[in-house]
Structures are given as structure tokens and as C-alpha cells.
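> Next comes the sequence, and after it the predicted model I'd like to discuss.
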Amino acid sequence: MGVMRIGHVSLRVMDMAAAVKHYENVLGLKTTQQDEHGNVYLKCWDEWDKYSLILTPSDRAGMNHVAYKVKREADLDVLQQRIEAYGIKTEMLAVGDLPATGRMLKFNLPSTHEMRLYATKECVGTGVGSINPDPWPDDLKGAGAHWLDHLLLMCELNPPAGINRVAENTKFMTEVLDFGLSEQVLVGPDGDIQAATWMFRTTTPHDIAFVGGATNGLHHISYFLDSWHDVLKAADVMAKTKTKIDVAPTRHGITRGETIYFFDPSGNRNETFAGLGYLAQPDRPVTTWDESHLGSAIFYHTGELVASFTEVYT
Amino acid sequence: MLYDNRPKVTVEIIQTGENYACATDENLLKGMLKLGRKGIPAGCVSGGCGVCRVHIVSGQVQLCGPVSRAHISCEDEAQGITLACRVTPVTAVRLEVSGRLIKPFLKGCANLADSASI
């Protein structure tokens, strides 16, 4: 029972045509639906539900909400009670509030980010189908991303003022949504301030991550690729399309992911990554990184922090 | 860009006295990065993150893409405040770096560092 995986992200974009072009031609998603409000719905070829990304026209960048899929409709009712009992208000959105989607349980994380849970979304199948499938479809564009894998939310962290939304989110996700903690960064003079966490419901190191910053926001949404070679090819695609690369191909110490960071045309950060890291399990010892190893934790090869990586987000 | 013969105008950064030549078809941030020094934080370069906030004190600029209202309000815009990555110069420009750009920008300026150490 409970949360299975990330289901979709709703992003604000300032130029819809440019955004659709980016997610289709650079990432390789396909548009599956548009609605009367100008929202565009897209999915990756290896996903089976109707959409994993909603682009919303706006005068600013950033995230509207992130949604996770639960196994059964009844889970929504159980989780609603648990979330309310924890002291967080919820709202059950009716079937069809989003197209092709069942009712959604809407609430805000302690960091104010809007999260939704749902159990039902129209299944349209993967790009290769389910009967005697080929390993990949013939009509892939750009990086040909397999699926939306996770996202990283920036959460207000201000220890002198006693504010740590990273720790508050982590506690909520652990106690109420049964997420496991795979890795964490502990900082401060006594090494006891939880400044970043990586959490999972699947068997991969993270389905969501929280990192401390000056304000709450979206750091990135991340798409899965098969191999290190696919990461290189994705970087080639970005060079060809003059996509702004934030961090060229490298490896994270945390999660062991092989990665590239780049920006969509509204400045929302994207990641393409390969390497599922290790088998994440609730009883696996939590990996801890201390402040003196933070550089290697984030960029394993150089061991150096890049200011823009922690300070720039939407 | 030794043989870059595009039309250019001079952009002056008031706080540091630095000047750079900016082509009229490139954004102010791209030109600024050619100063080639530390402390010029290029963020998303797409108008979304708000890092490259500047105040256009004099001169004329042209918008080359949308600017996030989360970072530049209508009032800001009326006062000549915008994001350097989203405007190209039409005439010579004098500007001040603003907001989150101030601290790293001034810290990374060799001119100021030298004068401070004297």
C-alpha cells in the first residue's frame, strides 16, 4: 500500500512554444494532450501513464505541484487521515480535476511545496507496447529520456532562526508517507543539522530530494537514461540545440548518479542521469556526508562546489 | 572574438567602473561574462532564476525574452530594473548590479580588491 513512485510534475513556463520544443526535442518527450487553459501534457516513451509533465503558461518559472502515484484508491483515504492527523490540512480534488486522472489528495509539505497523491491515471502504454516489445522505439528525439525519475526541492534552512524545512519534510515523508532515507548531509559545528536528504519508495536511491537553501523552490526535475554513453549523447544534443548546460557530464558521490544539469527555456533546471546507484531498501544503513566532504558528495570528480548549483533555482 | 565585427556599444558598470563592449544582438550578461573574471554568476540565462538582476541607470535596452515576475515586478521594471540575460543594448548603457548579484560581483572585482588592500 501507499506511494509507488513519482507520477508527474506541473511546471510554470514563460514561453510555451519554446518549452514544448525543449521537452520534445532535447529530452525526447511527446505531447499527449492540451487543454482549454493552454496547459500542455507530455510523457516519456518508457512511461505508460498518459503524462508525467504538465507545462502551464505563466509570467514566472518554477513548480506548481509534484504528484506521486499510490497503489489503490483506498490508499488515498488512509493517507488523508494520516496526513490530517499529523497536522497538515488536505483537500481531495475530484475526478477529472486534471484530465485523464482520478481524484487527487492535495496538501503542502512543511516547506510549502504543493504535493498531490493519486491512484488513477489513464494508461496509454509505453512507446514499444507490452506484447513482444522491442527494446526501444524508432522515433526517439533528442536524449530519448526513459522516464521522469525524481525531483529536488530547495527548502528553507536558517539554523540561527531555528528553521529547517529539510528536516521537517524528511520527518513527514518518513512518518506519514513511509519513505526511506538513503542519504543525508549533516552540517554545523556539531554535525547535527540535516541540510539535505535523499528519500525513496522505489528500489532506487531517490524518488525525491530536499536540500537546504535561502528560500523554498524547485532545484530540478530529473530524467532517467540507460547509460553513461546516453549521458554523453544527451550533452551532444544540448550543444546542438544551444541548450544552456549548467553542469557538464560528471558523477555525483551522492546516489552515484552520472549526470548533466541544464535549463529549460524558462530557467527551470533539468537533469538527465544514468546509473540507478544501488539497491535502496528500508533497512540499508543511511549514507551520511559531512560538511568537509560536501564537494565530493555533489561533484565526485572535482570535489568542488559550484556556486550556481546551490544558489540558482526557480 | 578578435574578429567579431558586430556593431557594439559600451556598457559601464557604475559600482566598479568596469567597461565592456557588448554587441547589440547579445544580451548584457553574455557581454559581461567576457570580462573574464570571478564573481559574475551566470544562472539559468533564461530569465527564470533572477540572479543577474541589474538596474539600467542610463541608455536604452531591448527585451529579448520573458522575465520572471517572481524576480522583476512591474514596479521594478518601471524603474529600469531587469535581468541582464534578457536585454540587449540599443545604445551605450550605464548600469548597476542589483540584488543577489551585488555581493559576488563586487567581491570578484580585482580593482576593488586591490584598492581595499592598499
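Now that the structure is in, tell me what you want to look at. On a predicted model such as this, the values are computed, not experimentally measured, just so you know.
> tell me which residues of the helix or strand hosting A:L148 are tucked away?
Assigned by DSSP states H and E, A:L148 falls within strand A:147-158. The neighbour-count check on strand A:147-158 (16 or more other C-beta atoms under 10 Å in any protein chain shown) flags A:147-157 as buried. Using the backbone N, CA and C atoms, a C-beta is placed for each residue, glycine as well.
> Paired strands for that strand, with orientation please.
strand A:163-164 (antiparallel), strand A:208-213 (parallel), strand A:217-224 (antiparallel) (DSSP bridges).
> export those to a markdown table and tack on mean neighbour count, distance to A:N268 and mean pLDDT?
Shown next, in a markdown table, are the strands paired with strand A:147-158 (neighbours: other C-beta atoms under 10 Å in any protein chain shown; distance: least, C-beta to C-beta, whole Å; pLDDT from 0 to 100):
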| stretch | mean neighbour count | distance to A:N268 | mean pLDDT |
| --- | --- | --- | --- |
| strand A:163-164 | 18 | 25 | 98 |
| strand A:208-213 | 24 | 16 | 97 |
| strand A:217-224 | 23 | 7 | 98 |
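> and B:K103, which of the three is it?
Under DSSP: H, G, I helix; E, B strand; the rest coil, B:K103 falls in the helix class.
> whoops, B:L29 was the one
In three-state terms, and counting by three-state DSSP, B:L29 is helix.
> Contacts only, for it.
B:40, B:42, B:45, B:52, B:83-85 (C-beta atoms under 8 Å, 6 or more residues apart in numbering or on different chains).
> quick one: which of those is nearest A:G295?
Of all the contacts of B:L29, B:A42 has the smallest distance to A:G295: 20.0 Å, by C-beta to C-beta.
> Quick check: buried residues in the helix or strand hosting B:E12?
B:E12 belongs to strand B:8-13 when elements are defined using DSSP H and E. Residues B:8-9, B:11-13 are the ones in strand B:8-13 that count as buried (16+ other C-beta under 10 Å).
> for chain A, what are the nearby residues on chain B?
Counting by C-beta under 8 Å from any C-beta of the partner chain, the positions of chain B adjacent to chain A are B:41-49, B:51, B:65-71, B:100, B:104.
> can you rerun that using 10 Å?
Within chain B, the residues that sit near chain A (C-beta under 10 Å from any C-beta of the partner chain) are B:38-39, B:41-52, B:65-72, B:83, B:85, B:100, B:104.
> Tell me the buried residues within these.
Counted by 16+ other C-beta under 10 Å, the residues of chain B next to chain A give B:39, B:41-52, B:65-68, B:70-72, B:83, B:85, B:100, B:104 as buried.
> picking that back up, and the contacts of B:L29, which two are the farthest apart?
Greatest spacing in the contacts of B:L29, by C-beta to C-beta: B:I40 and B:L83 (13.5 Å).
> between these two, what contacts are shared?
B:29, B:51-52, B:101 (C-beta atoms under 10 Å, 6 or more residues apart in numbering or on different chains).
> could I get those as a markdown table with distance to A:Y300?
Below are those laid out as a markdown table (distance: C-beta to C-beta, whole Å):
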| residue | distance to A:Y300 |
| --- | --- |
| B:L29 | 30 |
| B:V51 | 25 |
| B:C52 | 29 |
| B:L101 | 30 |
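> For the closest residue to chain B within chain A, which three-state class applies?
Nearest to chain B in chain A, going by C-beta to the nearest C-beta, is A:G267, at a distance of 2.0 Å. The three-state assignment at A:G267 reads coil, by three-state DSSP.
> need the contact list for it.
A:G267 makes contacts with A:13-14, A:60-62, A:244, A:312-314, B:43-51, B:65-66, B:68, B:71, B:83, B:85, as judged by C-beta under 10 Å, 6+ apart.
> if we can go back for a sec, from the contact counts, what lies against the strand holding B:E12?
strand B:18-23, helix B:28-33, strand B:53-58, strand B:87-89, strand B:93-97 (3 or more C-beta pairs under 10 Å, 6 or more residues apart in numbering or on different chains; DSSP states H and E).
> Who are the packing partners of the third one?
Using 3+ C-beta pairs under 10 Å, 6+ apart as the contact criterion, the elements in contact with strand B:53-58 are strand B:8-13, helix B:28-33, strand B:81-83, strand B:87-89, strand B:93-97.
> Name the strands paired with the third one and say parallel or antiparallel.
Strand B:81-83 has its sheet partners listed here by DSSP bridges as strand B:53-58 (antiparallel).
> Would you map the helices across chain A?
Along chain A, counting by DSSP state H, helices occupy A:16-22, A:73-86, A:165-175, A:228-240, A:294-298, A:307-311.
> now the second one: mean pLDDT?
The one in question is helix A:73-86. Helix A:73-86 comes out with an average pLDDT of 98.
> now do stretch A:238-257
Mean predicted confidence for stretch A:238-257 is 95.
> Repeat that for stretch B:55-64.
pLDDT averaged over stretch B:55-64 gives 96.
> thinking again about what came up before, now the helices and strands packed on strand B:53-58 as CSV including distance to A:Q80 and mean pLDDT?
Formatted as CSV, the helices and strands packed on strand B:53-58 follow (distance: least, C-beta to C-beta, whole Å; pLDDT from 0 to 100):
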stretch, distance to A:Q80, mean pLDDT
strand B:8-13, 54, 96
helix B:28-33, 46, 94
strand B:81-83, 41, 97
strand B:87-89, 48, 97
strand B:93-97, 48, 96
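> How about chain B: which residue is closest to chain A?
Nearest to chain A in chain B, going by C-beta to the nearest C-beta, is B:G48, at a distance of 2.0 Å.
> Spit out the contact partners of that residue.
A:12-14, A:60-62, A:218, A:263-269, A:312-314, B:65-68, B:70-71, B:83, B:85-86.
> which SS class is it?
B:G48 ends up coil, using three-state DSSP.
> Spatially nearest residue to it, not counting backbone neighbours?
A:G267 (2.0 Å; C-beta to C-beta, 6 or more residues apart in numbering or on different chains).
> from the shared contacts of B:I40 and B:L83, which is closest to A:A280?
Minimum distance to A:A280 across these is 33.6 Å, recorded for B:V51 (C-beta to C-beta).
> surely that closest one meets B:I72?
No. With contact defined as C-beta atoms under 10 Å, B:V51 does not count as touching B:I72 (11.9 Å).
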